[in-house]
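>>> Would you be able to build a 3D model of this:
(one chain, ligands or ions: 2)
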Amino acid sequence: MSAPVIVVAVGGDSPEQWLPEFASRWPEGRALWLDGADEADVAKADYAVVWAPGPDLLHRLKSVRALFSLGAGVDHMMGSPALPDVPVIRYVGADLTSRMSEWVVMNCLLHLRQFHAYDRAQKAHRWERPHQPGAEELTVGIMGLGVLGLDAAAKLSQVGFRLAGWSRTPKAIPGMACFDGPGGFDAFLSTTDILVSLLPLTPDTAGLVTLDVLKRLRRTGPLGAPVYINGGRGRTQRDADILAALESGVLRGASLDVFETEPLPADSRLWDAPNLFITPHAAAWSPRSDVVRHVVEQIRRHDAGLPFEHVVERARGY
Ligand code: NDP
Ligand code: OXD
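Ligands and ions are numbered 1, 2, ... in the order given. Reported below is the predicted structural model:
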């Protein structure tokens, strides 16, 4: 039997980032870099690692048994009519999860400790000491209680924040007020001082966070107005509404890692919005070596007769 083949199709990366890792971790298989690969090899490939594959590539992968997403999110491929009927496996890794939790905790603390006010005062050479509420006086409401949401919740709880959570299906999580589905959304919002989104982009979550939603957050908390933090996907929010909420005081502050349009255009008014921290879709990333380890682990599990892990459910889109 010939060695199994995986095609690596990650635009913007280089073969040096991937092929030596596969060579050392997967001696029983063969990894090909898409650009320059023999077309017959691509057609016969057993697996592929992809990010935002176009229909042309998906049609060329005629024999794949599974597709691996470079990222934890899979919206870059789930909507494609050319997607073959094989398991789509997303990336889940401890390193990526920790990085996201660091980003979430850091941003909750930046707003709790009113870092914007200190920054402004420092630039103006003013010795100003705004009132500092304690973490236990605020509820962080997390939308999305999956791998990332649950890890962030555990770490926020150690800092001392109160917790609420909202998911698609019901959950019971110690120390967290849990809400689910459209029916639980209003109650979740009205208890939340800092709204953290770690949602996937699906037809149900697209455009979810609007000005109207932000107005329904708790407005009587110790910061005077709520805060919004998005580390999930930009198209779950309306960027123009976030800007309007910051400019009108509906929001006290925000932190955005993701945007409707990425990269965020240089002339976007969000760059200059008050009390907004921006990071360029960099909250958490996946080291290539970890992705290769995860892919090889999944292929070996499958070869041993075990099911793949982290398989996307097509009907729900994540
Ligand atoms: P998971 O699939 O583990 O969790 C998704 C969570 O979202 C689940 O709790 C799910 O509910 C909930 N959810 C999905 N749809 C809805 C809905 N319609 N209403 C309410 N809740 C919903 O994903 P991860 O935690 O691993 O990752 C989340 C997202 O973070 C990724 O999809 C990706 O887009 C983004 N991401 C961003 C990164 C960055 O650098 N900015 C890096 C990595 C990921 P239930 O539990 O009921 O199924
Ligand atoms: C991911 C991402 O989905 O980087 O992993 O956004």
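
>>> all strands of the chain, in order?
Under the criterion DSSP state E, the chain carries strands at the ranges 5-9, 30-33, 47-50, 66-69, 88-89, 139-143, 162-167, 176-180, 194-197, 227-230, 253-256, 276-278.

>>> Please list all residues in contact with the nearest residue to Asp46 once chain neighbours are set aside.
Nearest residue to Asp46, sequence neighbours excluded (C-beta to C-beta, 6 or more residues apart in numbering): Pro4, at 4.4 Å. Heads up, the C-betas are built off the backbone N, CA and C, glycines and all. Residues near Pro4 by C-beta atoms under 8 Å, 6 or more residues apart in numbering: 28-30, 46-47, 299.

>>> Now render those as TSV, adding neighbour count and pLDDT.
As requested, the contacts of Pro4 are exported to TSV (neighbours: other C-beta atoms under 10 Å; pLDDT from 0 to 100):
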residue	neighbour count	pLDDT
Glu28	10	97
Gly29	19	98
Arg30	17	97
Asp46	18	98
Tyr47	25	98
Ile299	22	98
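
>>> Return the member of the residues you listed nearest to Leu208.
Among these, Tyr47 lies closest to Leu208 (C-beta to C-beta), at 33.4 Å.

>>> Let me know the distance separating the closest residue to Val291 other than its chain neighbours from Ala154.
Computed as C-beta to C-beta, 6+ apart, the closest residue to Val291 that is not its neighbour in sequence is Tyr91, at 5.7 Å. Distance, Tyr91 to Ala154, using C-beta to C-beta, to the nearest Å: 20 Å.

>>> Who has more neighbours out of the two?
Applying other C-beta atoms under 10 Å to Tyr91 and Ala154 shows that Tyr91 carries more neighbours, namely 19 against 14.

>>> can you pull the pLDDT of the more buried one?
Note on Tyr91: pLDDT of 98.

>>> Counting neighbours, what do you get for Leu214?
24.

>>> cool, the one 5 residues further on as well?
Residue neighbour count, defined by other C-beta under 10 Å, stands at 14 for Arg219.

>>> and it, how far is that from Asn275?
For Arg219 relative to Asn275 (C-beta to C-beta), the value is 16 Å.

>>> likewise Gly305?
Computed as C-beta to C-beta, the Gly305 to Asn275 distance reads 54 Å.

>>> Please apply the same query to Asp75.
Where Asn275 is concerned, Asp75 sits at a distance of 28 Å (C-beta to C-beta).

>>> now do Met106
Counting by C-beta to C-beta, the gap from Met106 to Asn275 is 15 Å.

>>> Comparing the two, which residue is more hemmed in?
Asn275 (20 against 15).

>>> Would you enumerate the residues in contact with that one?
111, 116, 246, 251-254.

>>> In the stretch 201-318 of the chain, which residue sits closest to ligand 1?
Proximity of the stretch 201-318 of the chain to ligand 1 (C-beta to the nearest ligand atom) peaks at Asp204, 3.6 Å away.

>>> Can you give me the neighbour number for that residue?
15.

>>> next one: Leu189
Neighbours around Leu189, by other C-beta under 10 Å: 21.

>>> who touches it in this structure?
For Leu189, the contact set (C-beta under 8 Å, 6+ apart) comprises 141, 195, 213, 216-218.

>>> circling back: could you tell me the per-residue confidence at the residue of the stretch 201-318 of the chain closest to ligand 1?
Looking at Asp204, the pLDDT reads 98.

>>> Kindly report the same for Met1.
73.

>>> count of neighbours near it?
Met1 has 3 nearby residues by other C-beta under 10 Å.

>>> same question, Asp56
Neighbour tally, Asp56, other C-beta under 10 Å: 8.

>>> one step back: could you identify the most distant pair in the contacts of Leu189?
Longest span within the contacts of Leu189, C-beta to C-beta: Val213 and Arg218, 12.8 Å.

>>> what ranges do the helices span in the protein?
Remark: helices assigned in the chain by DSSP state H are 15-25, 39-44, 55-60, 75-78, 94-112, 115-123, 147-159, 181-190, 211-215, 239-248, 288-303.

>>> Can you redo those helices as a markdown table, where the extra columns are distance to ligand 2?
Output for those, formatted as a markdown table (distance: least, C-beta to the nearest ligand atom, whole Å):
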| stretch | distance to ligand 2 |
| --- | --- |
| helix 15-25 | 15 |
| helix 39-44 | 24 |
| helix 55-60 | 19 |
| helix 75-78 | 8 |
| helix 94-112 | 6 |
| helix 115-123 | 25 |
| helix 147-159 | 9 |
| helix 181-190 | 24 |
| helix 211-215 | 22 |
| helix 239-248 | 17 |
| helix 288-303 | 10 |
